[in-house]
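In: Generate coordinates for the sequence data below:
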Amino acid sequence: MSIDEVEVEHEHGPGMNIRSLPAKFVLTACAATMAELVTFPLDLTKTRLQIQGEAASHQFLGVKTKKPYRGMIQTAVGIVKEEGLFKLWHGITSAICRHTVYSGVRIVTYEQLRDSVLCKDEEGCFPLWKAVIGGMVAGGLGQFFASPADLIKVQMQMEGRRRLEGKPPRVHGISQAFMKILSEGGIRGLWAGWIPNVQRAALVSLGDLTTYDTVKQFLLRNTTLKDNSLCHGLSSICAGLVAASLGTPADVIKSRIMNQTRDKQGRGLQYKSTTDCLMKTIKKEGLVSLYKGFLPTWARMAPWSMTFWLTFEQLRKLTGVTSF
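Out: Below is the predicted model:
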């Protein structure tokens, strides 16, 4: 696809040129890969923190402890000391695969909904209620397709922890993890935990996509800011904060469901469903446990959102694709 083909979109209006969709998907994947490389250690830290409550009674290096992890910074330092520096990026390949699918599908879907289905009003504005619908639908759809990669990512992130607890390793790589999950649970096993996954993604996209798009358009219409990096940066900061606030509870439940041991039919042995996991978590650890890992979640989402949106907007500009 040439840049000229992509620029046909300018002549016919946004969303009209189907040939631009692959270009947008590729640009989204590139921007998401950059964001993942920069912020993945925070995602690993967040996942470890979210699992700690259910592992509190386990033996840790032969010592009984109620709190294996001591917080965001201590957890990251502990991983480096106990497992090695590069273990902070353990599972990065599966994370990139996941975001290639997830971000690609959700961005393209949201733009199509905004520009061709839900459509802007007569003044060229995209009403908030439409942005909410578009963000949640796009995020949920993207995550549904990306759930197998997300399942593999979560399990790979916990391998270092399992090794220190004296447990046998479950996976050694993406292909081996994929075949193991497929052999144990079949196709259905690849979508284990997809319901909380999709719920979380819908909320995160509501916070990320909807907030970014809404704040960006507000700034362009009501301030002297132009469609430049400063505008993109301010919009992405707001998007990261709202996304973390909405998505952390669902992220906690998702991580626990996807990390649990399963039987030969692919059914979880610890939690029967999203509701069961939610109730057991609240009962044993309290409501505040639903926001375990909020700090690293927000600390990751803020730079992730900024890195992604700044990179994405610049790539679109460089390749002649209209600004998001």
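In: Show me the shaky parts of the stretch 51-200 of the chain.
Out: Within the stretch 51-200 of the chain, the ranges that satisfy pLDDT under 70 run 51-71, 157-166, 169-173.
In: For it, just list every one of the helices.
Out: Applying DSSP state H, counting those that start in this stretch to the stretch 51-200 of the chain gives helices spanning 72-83, 92-112, 128-157, 159-164, 174-189, 194-205.
In: my guess is Thr281 meets Val252, correct?
Out: Yes: if you go by CB atoms under 8 Å, Thr281 and Val252 touch, sitting 7.0 Å apart. Using the backbone N, CA and C atoms, a C-beta is placed for each residue, glycine as well.
In: These two: which has the busier surroundings?
Out: Val252 (29 against 22; other CB atoms under 10 Å).
In: Tell me the spacing between the more buried one and Leu151.
Out: For Val252, the distance to Leu151 (CB to CB, to the nearest Å) stands at 16 Å.
In: repeat for Ser94
Out: Distance from Ser94 to Leu151, by CB to CB: 9 Å.
In: out of the helices of the stretch 51-200 of the chain, which comes closest to Ser235?
Out: Taking CB to CB, helix 128-157 is the member of these nearest to Ser235, at 12.7 Å.
In: so what sits against both of Thr281 and Val252?
Out: 289-290 (CB atoms under 8 Å, 6 or more residues apart in numbering).
In: hang on, the earlier thing: now mean neighbour count too, for the helices of the stretch 51-200 of the chain, in CSV please.
Out: Formatted as CSV, the helices of the stretch 51-200 of the chain follow (neighbours: other CB atoms under 10 Å):
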stretch, mean neighbour count
helix 72-83, 16
helix 92-112, 23
helix 128-157, 22
helix 159-164, 18
helix 174-189, 15
helix 194-205, 24
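In: between those helices, which gets nearest to Thr33?
Out: Per CB to CB, nearest to Thr33 of these: helix 92-112, 5.2 Å.
In: which other residues reach the closest one?
Out: With contact meaning CB under 8 Å, 6+ apart, helix 92-112 is reached by 14-15, 21, 24-26, 28-29, 31-33, 35-37, 40, 43, 134-135, 137-139, 141-143, 145-146, 149-150, 152-153, 156, 174, 177, 201, 205, 209, 213, 308, 312, 324.
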